[in-house]
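Sequence plus the predicted model coming up.
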Amino acid sequence: MSQSSGSRAARMTFFLYLGTAALAQTVQHAEKFTGTDGGEKIAKCLAALPAQGGVCDARELSGQQAAAVGFTVGAPGKPAELLLGPVTLMTRGTIHVQAKSSIVGMPAAMGIGSDQSPTVIKAADSASLPAVVQLDGSLAVLQDVTVDGNKSAAPGSGAGILVNQANRVEMFRVTAQNSPGYGIELFSSPRNESCCAKLSKIMSLANGGAGLHLANTADVFVSLSEFENNGTFGIELNNSPTARIEHSDIGGNKLDGIRIYGTADSPLQANRQMIIGNQFGNNGGHDINIAGYDEKGRKQVSTGNLISSNEFIGSPTRPPGYDAVHVVDSGDNTIVGNSFSAPAGHPYKACIGISGPHERPDQVTGNTCTASAAAGKTGFTGGPTTVFGENLGKTSPSPTPTPH
C-alpha cells in the first residue's frame, strides 16, 4: 500500500470514529434536531442518546412551544434526563417518564396563581389527557416544573401528574394546578407498586379533584408543601397506610382537608398515618376526616393514626356542623398537642369529635381548644372508650356515640 493510500485509510478511520463518537454522545441538544414542533425535536433528541442513557438539553427551546403528540423520557435500561428552560410546553399527549429518568426545569420557588415558575408543561386546549405527565418507572424524578391541566379549556377527568405503579419516585419544587381531576395521583394495584414516594415543596392547587390522591399506596412522605383550593379534598388517602404528612399547609379545599378511608378487602387499608406539624384552615368540611370502619366488610380500616402538633385555624365560610378532627369508628389513635381556634360566628361542631359504635380506645391529650373555637359548644367529644388527658377546653364523652 502506498503512503497516500495509507493516509486516506487513516483519515477515513478517523472520520468514522468522529461520526460514531458524535452519535454516542451522552449529552444531546434538542434545538439541533429538525421537527415540526418542540415536542418532536425533544423526542428525536432523546432517541439519539446512546444505549447507556444520557441528557437531552432542551433549554434553548424557550417561550411557548408545542408538542402535537406526547413523548417518553428514558426507556428500560436507558435512563435519561430532560432539561427544560424558560418554556411553556403545550402538549396534546401525555409525557411519560421511565425508570431512573427525570424532567428538570429551572429552579424557582413554587408558583401560585398567575405567578409561575419559568418551566411549565401544560395540556393544550381541547386535549383530554389521562395525565399531563406520567411517571411509569421506579426512581423517576420530577423537579422544578409547573404542570398545568388547563381544566378550563381541556376538559375531562385526568390528573396533572400520575405516578402509575412506579416505586420510590421523587418530586421536588413541583406545582400541579388546574387539572380537571387530581392534581397529583399515586396509583398502585393492591400490591403497592408506587410505595415510598418522596414529595417535598409541592404546590397542588385549584384542581377539580383532590390535590393529592393516594390509591393502594403506602409509605409516602409529604413535607413543606401546600394543598389548597382543590375541588374535593386537599389530600385523599384511599387504602393507603403509613403516610407521613408534615409541615404543610392544607386549606381552602371544598370538602375535607385530609380524608382517610379504606376497604376491608384491601391488603393495605389506611392505618397508621402520621400527620404532624401542619396548618389547616378554610376547608369546607372537616379538616381531618377518618372513616375508620367498612360496614360492608365489617372491619376497621383506619386505626393507629398519630395526629400531633398541628394548628387548626377554622374558617369564616365553613358551613356549621363540621369538626376540625372528625373520627368515626376508628381506634388506637393518638391525638396530642394540637391547637384549635376559629371565628366565633363559624365555630367547629367540636375541635375533636370522636364517635361511632365500633370506636376503640383513643388517647386525646394536651390539646387546646379556645373559647371562640368552641363558641359555647363542646370542644372535645368522645365515646365511652376514649381516654382524655389534660386538654384545654370543654370535654364531653358520649356514652352512646353515633356516626355523623
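Arrived safely.

so where do the helices sit in the stretch 301-404 of the chain?
371-374 (DSSP state H, counting those that start in this stretch).

So, low pLDDT: which residues of it?
371-377, 397-404 (pLDDT under 70).

one more time with 50
399-404 (pLDDT under 50).

hey, where'd the strands end up in it?
With DSSP state E, counting those that start in this stretch, the ranges of strands along the stretch 301-404 of the chain come out as 306-308, 311-312, 325-328, 334-336, 339-340, 352-355, 363-365, 368-369, 380-382, 387-388, 395-397.

Now distance to A80 and mean neighbour count too, for those strands, in JSON lines please.
For every residue, glycine as well, the C-beta is placed using N, CA and C. Formatted as JSON lines, those follow (distance: least, Cβ to Cβ, whole Å; neighbours: other Cβ atoms under 10 Å):
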{"stretch": "strand 306-308", "distance to A80": "40", "mean neighbour count": "20"}
{"stretch": "strand 311-312", "distance to A80": "42", "mean neighbour count": "21"}
{"stretch": "strand 325-328", "distance to A80": "45", "mean neighbour count": "27"}
{"stretch": "strand 334-336", "distance to A80": "45", "mean neighbour count": "20"}
{"stretch": "strand 339-340", "distance to A80": "47", "mean neighbour count": "24"}
{"stretch": "strand 352-355", "distance to A80": "49", "mean neighbour count": "26"}
{"stretch": "strand 363-365", "distance to A80": "49", "mean neighbour count": "18"}
{"stretch": "strand 368-369", "distance to A80": "51", "mean neighbour count": "22"}
{"stretch": "strand 380-382", "distance to A80": "54", "mean neighbour count": "25"}
{"stretch": "strand 387-388", "distance to A80": "54", "mean neighbour count": "14"}
{"stretch": "strand 395-397", "distance to A80": "58", "mean neighbour count": "16"}
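
quick one, which of those strands is nearest to K198?
strand 306-308 (19.4 Å; Cβ to Cβ).

How about residues contacting the closest one?
272-277, 288, 325, 333-338 (Cβ atoms under 8 Å, 6 or more residues apart in numbering).

What's opposite Q363 in the beta bridge?
Counting by DSSP bridges, Q363 forms beta bridges with T334, V387.

got the contact list for it?
Taking Cβ under 8 Å, 6+ apart, one finds 333-336, 387, 389 in contact with Q363.

low-scoring stretches of this structure, by residue?
1, 12-22, 399-404.

can you give me the helices in it?
3-23, 38-47, 371-374 (DSSP state H).

Quick check: buried residues in stretch 34-52?
35, 37-46, 48-49 (16 or more other Cβ atoms under 10 Å).

ok, so of those, who is nearest D219?
Once Cβ to Cβ is applied, the member of the buried residues of stretch 34-52 that ends up nearest D219 is L46, at 30.9 Å.

about what we covered before: just put the contacts of Q363 in a markdown table and tack on distance to S102.
What follows is the contacts of Q363, written out as a markdown table (distance: Cβ to Cβ, whole Å):
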| residue | distance to S102 |
| --- | --- |
| N333 | 38 |
| T334 | 38 |
| I335 | 39 |
| V336 | 39 |
| V387 | 47 |
| G389 | 47 |
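
hang on, the earlier thing: between the strands of the stretch 301-404 of the chain, which gets nearest to G85?
Of all those, it is strand 311-312 that lies closest to G85, at 38.6 Å by Cβ to Cβ.

what comes into contact with that closest one?
278-281, 287, 324-325, 338-342, 348, 351, 373.

Strand partners (parallel or antiparallel) of it?
Here, using DSSP bridges, strand 311-312 pairs with strand 279-281 (parallel), strand 339-340 (parallel).

Throw the ones you listed into JSON lines and include distance to A153, thanks.
Listed next are these as JSON lines, based on distance: least, Cβ to Cβ, whole Å:
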{"stretch": "strand 279-281", "distance to A153": "31"}
{"stretch": "strand 339-340", "distance to A153": "40"}
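
on that earlier part again, would you turn the strands of the stretch 301-404 of the chain into CSV with distance to T242?
Converted to CSV, the strands of the stretch 301-404 of the chain look like this (distance: least, Cβ to Cβ, whole Å):
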stretch, distance to T242
strand 306-308, 11
strand 311-312, 23
strand 325-328, 18
strand 334-336, 15
strand 339-340, 25
strand 352-355, 22
strand 363-365, 19
strand 368-369, 28
strand 380-382, 25
strand 387-388, 23
strand 395-397, 29
